[in-house]
Every structure is written in C-alpha cells, then in structure tokens.
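S.K.: could you look at this predicted model? Sequence included:
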Amino acid sequence: MAHSRDKKYKRILLKLSGEELMGAEGFGIDPKVLDKMALEIGQLVGIGVQVGLVIGGGNLFRGAALNAAGLDRVTGDHMGMLATVMNALAMRDALERSNISSRVMSAIPMSGIVEHYDRRHAIRCLNAGEVVIFSAGTGNPFFTTDSAACLRGIEVEADIVLKATKVDGVYTADPMKVSDATKYDRLTYDKVLEDKLGVMDLTAICLCREHDMPVRVFRMNKSGALLNIVVGSNEGTLIEEGNTHAE
Ligand SMILES: Nc1ncnc2c1ncn2[C@@H]1O[C@H](COP(=O)(O)OP(=O)(O)OP(=O)(O)O)[C@@H](O)[C@H]1O
Ligand SMILES: O=c1ccn([C@@H]2O[C@H](COP(=O)(O)O)[C@@H](O)[C@H]2O)c(=O)[nH]1
C-alpha cells in the first residue's frame, strides 16, 4: 500500500488517449474505460497527488482525418477541440460518481457548460485537491492535445507529463507497424526529434525540451501503471535531458 510520503511527484499532468476511451467500440466513449480511469486517478488523489488532466479527441474527431474526408482543416480542428470537451464532460461525470472532486476548464469560452481556462484559478483548484480537466486543447487549430498537455503541464508547474496511450512506451519505430521495433527505457528529447519518433507530436516535445519538462509514456489500459509511476516505478519510457537507454 502506497503512503503519502512514498509519492515521487506532487503534481502531475496526465494526458489520456481519446482513442483508448472507445474501449472495444469503433467510436465514442465506453463508460467502463472512464470508470476504470476514475478509479486509478482516485488512487493518486488518495495519496495526495495533484492531478491536471488533458484528454484527446481521437475517439470522436481529428481535424486531419476530417480534412482528408473533404472538410476544411480549421473547421475539422474546431470539431476536434469540441470533441475533447465532450470527453472532458464524460470524465468529470465518472470522477464525480467516484466522489472525486473535479472541474472542467476550456481553452474556448463556453459559458454555461464549462468554465474558461484561467491558470491561476487552475493552480488554486489543484492546490485544493481538485482534479482539473483542461479541455479544448490549446484553443487553436493545427495543434494536438499532446501539445496542450505539455503546455498546461508547464503552465501549472507540474512535475511531469504522463502520456497514457495505446502502446507501452517509445520504440525505435511505431510498434503497431514495425514488429521488430525495440523499446526505450529512457531517451532524450533530441533523440525523439532526430529520429522523428511519432509517439507524440514534435511540437510537444520541443516545448518540453525548452522548459525541461520530463514526459513518461506508458500503456493506458495497464491496471496499476499510473500509481506505479507516481510512486517511482520504471513503467514505460521516460523522455528527458540526459542519456538514451534501450530496454
Ligand atoms: N516510435 C514510436 N513509439 C511508440 N509509439 C509510436 C511510435 N511512432 C508512432 N507511434 C504511435 O503513436 C501512437 C500514440 O500517439 P497518439 O497521440 O496518436 O495516440 P493517442 O494517445 O491514442 O492520442 P489521442 O488522444 O489523440 O487519441 C501509438 O499508438 C503508436 O502506434
Ligand atoms: O490544441 C489543439 C488540440 C486539438 N485540436 C484538434 O482536436 C483533435 C483531437 O485532438 P488529438 O490530440 O488528435 O486527440 C486534433 O486532431 C485536432 O483536430 C486542435 O485543433 N488544437
């Protein structure tokens, strides 16, 4: 059982994969995935970790995919950002059902539905133990929620950005496409950029390098992985300044 003194991080920015919210379905939100993540986030809150959350929109809409299907790119990106607000509302609902105090802030003003993002207010809420869900990405087209997660993580002075995704770390190539790709235990921002490793968009990595924000990539549907990371285990891959190590 983890105790409050055991935790390695006081404040984290957790990025959840939108695509993973689909569960076994091809589109939309599987409430079972939300409930499982709410439970795992609750464990962190229980040991006193402050949690900022960004959720992707890939289970609903991505601007690039809508553009490929014929829509205007900026309109598609607006739809993608609105999709992240829907995911955020669903996650808040799941957190509240688990009695975890939470709120949604949006980069795009949406009066009557969610509050507008305000950094100082967000920090006050995090200090008060509320889970703050940052939605609508950066508020600008041509970005992703990975960039939004890194941006908000840096703004609220999180100790680390944790990217929970479909794969269990960063590989030499996309492990979904290249079967003999090998996993890194740890690697530098420069290595990710030089090798164009596609696990996160490169804008997000540049931002983290610029502000010395470490990023850990891990598998979202591995039960207990999140708590393990927060108490100091070596789950997934750590991206930070320093040396590169293969597993
Ligand atoms: N070198 C690599 N190492 C690991 N994964 C990689 C690599 N290159 C590409 N990928 C792919 O990147 C994907 C994760 O990125 P992406 O942000 O698109 O997914 P996501 O976390 O599900 O995001 P969203 O929230 O937008 O749904 C992995 O599923 C993996 O297939
Ligand atoms: O700052 C942002 C963040 C996101 N978008 C759009 O939303 C979708 C969904 O986000 P994912 O990171 O792909 O899950 C994204 O594809 C963009 O279309 C954005 O425009 N700006």
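M.R.: In hand now; what should we look at? Residues are numbered from 1 along each chain as shown. Ligands and ions are numbered 1, 2, ... in the order given.

S.K.: I would like the residues contacting stretch 199-218, please.
M.R.: With C-beta atoms under 8 Å, 6 or more residues apart in numbering as the test, stretch 199-218 has contacts from 143-144, 146-147, 149-151, 153-154, 158-165, 167-171, 174, 189-190, 192-193, 196, 225-226, 229, 235-241. For the C-beta atoms, the positions are set from N, CA and C on the backbone; glycine is no exception.

S.K.: keep only those residues that also lie close to ligand 2.
M.R.: F143, T144, D146, S147 (C-beta under 6 Å from any ligand atom).

S.K.: how close does the residue nearest to the second one when sequence neighbours are not counted sit to T188?
M.R.: Nearest non-adjacent residue to T144, counting by C-beta to C-beta, 6 or more residues apart in numbering: D201, 4.9 Å away. Counting by C-beta to C-beta, to the nearest Å, the gap between D201 and T188 amounts to 17 Å.

S.K.: that's a strand at G198, yeah?
M.R.: No - judged by DSSP: H, G, I helix; E, B strand; the rest coil, G198 forms no part of a strand; its state is coil.

S.K.: any idea how many residues pack against it?
M.R.: 13 (other C-beta atoms under 10 Å).

S.K.: and the longest helix anywhere in the chain with ligand 2, contact?
M.R.: Looking across the chain with DSSP state H, the single longest helix is helix 73-97. Yes - applying C-beta under 6 Å from any ligand atom, one finds helix 73-97 touching ligand 2 at G76, D77, G80, M81, A83, T84.

S.K.: which residues of this protein fall in strands?
M.R.: Using DSSP state E, the strands of the chain run over 11-16, 50-55, 102-106, 115-116, 131-135, 160-165, 184-187, 215-219, 237-239, 245-246.

S.K.: any chance of the ones you listed in CSV, with distance to G70, mean neighbour count and mean pLDDT too?
M.R.: Supplementary listing: the strands of the chain in CSV, determined by distance: least, C-beta to C-beta, whole Å; neighbours: other C-beta atoms under 10 Å; pLDDT from 0 to 100:
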stretch, distance to G70, mean neighbour count, mean pLDDT
strand 11-16, 29, 26, 98
strand 50-55, 27, 27, 98
strand 102-106, 27, 22, 98
strand 115-116, 32, 15, 98
strand 131-135, 27, 27, 99
strand 160-165, 28, 25, 98
strand 184-187, 38, 20, 97
strand 215-219, 33, 23, 98
strand 237-239, 36, 25, 98
strand 245-246, 42, 11, 78
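
S.K.: can you list the buried residues in stretch 51-68?
M.R.: 51-63, 66 (16 or more other C-beta atoms under 10 Å).

S.K.: so for the residue of the chain positioned farthest from its centre, what's the pLDDT?
M.R.: Distance from the centre of the chain peaks at G70, with 28.4 Å (C-alpha atoms, centre = their mean). Looking at G70, its pLDDT is 98.

S.K.: wait, which of the ones next to ligand 2 among the contacts of stretch 199-218 is closest to ligand 1?
M.R.: D146 (5.6 Å; C-beta to the nearest ligand atom).

S.K.: and that closest one, how far from V217?
M.R.: D146 is 10 Å from V217, by C-beta to C-beta.

S.K.: could you pull out the buried residues of stretch 107-114?
M.R.: A107, I108, M110, V114.
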